[in-house]
Structures are given as C-alpha cells and as structure tokens.
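Build me a model:
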Amino acid sequence: MTSPGNSSGSLVDRLGGGVVALARLCVMIPLVYLVVYVGGAFLVPKSLGWAWVWLQRGVVSAALVCLFVVFIQHPRASQRPAGLTHAMGISFVLVLPAIVTSYWPGVFGALVTPLLVAGSAIRERGRRV
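This is a model prediction of the structure:
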C-alpha cells in the first residue's frame, strides 16, 4: 500500500509522458548536471579540465538539439500535447549551464526554441483573427 505522498508510476509518467517528459528532461538534466559539473571541477585533475568543460557543453548541446527536434515534430501550438509548450518555452534556462562553460553557441541556442514557440503561438493567433 502506498502512502498519499508516494506517487506510483514511472518517472516518464510523472513528467507528463512521451514527448512532454522528453522535453522536460532536456531542460532538467543540464541544470542538474551543472551541480555535478561545478562540484566535480574541484576534483578533476587539470589535465582533464578541458574534457570536463566539453562534457558539460555536450550535455547542453544534446538538450538543445533534442528540444529543437521536438519543436520540428510539433510546430503548431494547438496540436501539441498538454505541457509541451511550457516545457519548450522555459528552455531558456539552459542559458545558465551554457554561460558557466562560456559556451556561446549554447547561450544563443538556448534562446532559439523559446523564440520559435512564441513565434508559432503569435502566428497561430494571427491566423485566427
């Protein structure tokens, strides 16, 4: 028997399921990994410093590519699953992990998906009027 505080089901189900969970994970993983990155920076030998930096940059890049692909698959706001617009709209928070490693393509890339989401919503509303 589970207590009311315990939620049953998989992590994917609790995050909204399917593509919504994927988009939310793409936003959360780089932010969580940022804590690991900063903490591990004190433990990594100097000879592996660049590899450590590029690992964080790779995590950010993978998340940005994933979010962009999700947007391409679901470009219209009215046809997106519930919660997907929000998950893609808040992906601007990926600017923080990109700035920490001075990964400027990631900083600008983190703004692309939210701008596309906002642009698609504006375009859809303009068509309805």
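
Buried residues, stretch 104-117. List them.
Neighbour counts over stretch 104-117 (16 or more other Cβ atoms under 10 Å) mark 106, 107, 109, 110, 113, 114, 116, 117 as buried. C-beta coordinates here come from the backbone N, C-alpha and C atoms, glycine included.

Turn those residues into TSV, columns for distance to residue 27.
Listed next are the buried residues of stretch 104-117 as TSV, based on distance: Cβ to Cβ, whole Å:
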residue	distance to residue 27
106	13
107	15
109	13
110	10
113	10
114	11
116	15
117	12
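
Restricted to helices, list those residues.
Of the positions in these, 106, 107, 109, 113, 114, 116, 117 sit in helices, assigned by DSSP state H.

Now the residue nearest in space to the middle of the chain: closest residue in space, sequence neighbours ignored.
Centroid check for the chain by Cα atoms, centre = their mean gives residue 27 as the closest residue, at 2.2 Å. In space, and not counting its chain neighbours, residue 27 is closest to residue 91: 5.3 Å by Cβ to Cβ, 6 or more residues apart in numbering.

Much appreciated, bye for now.
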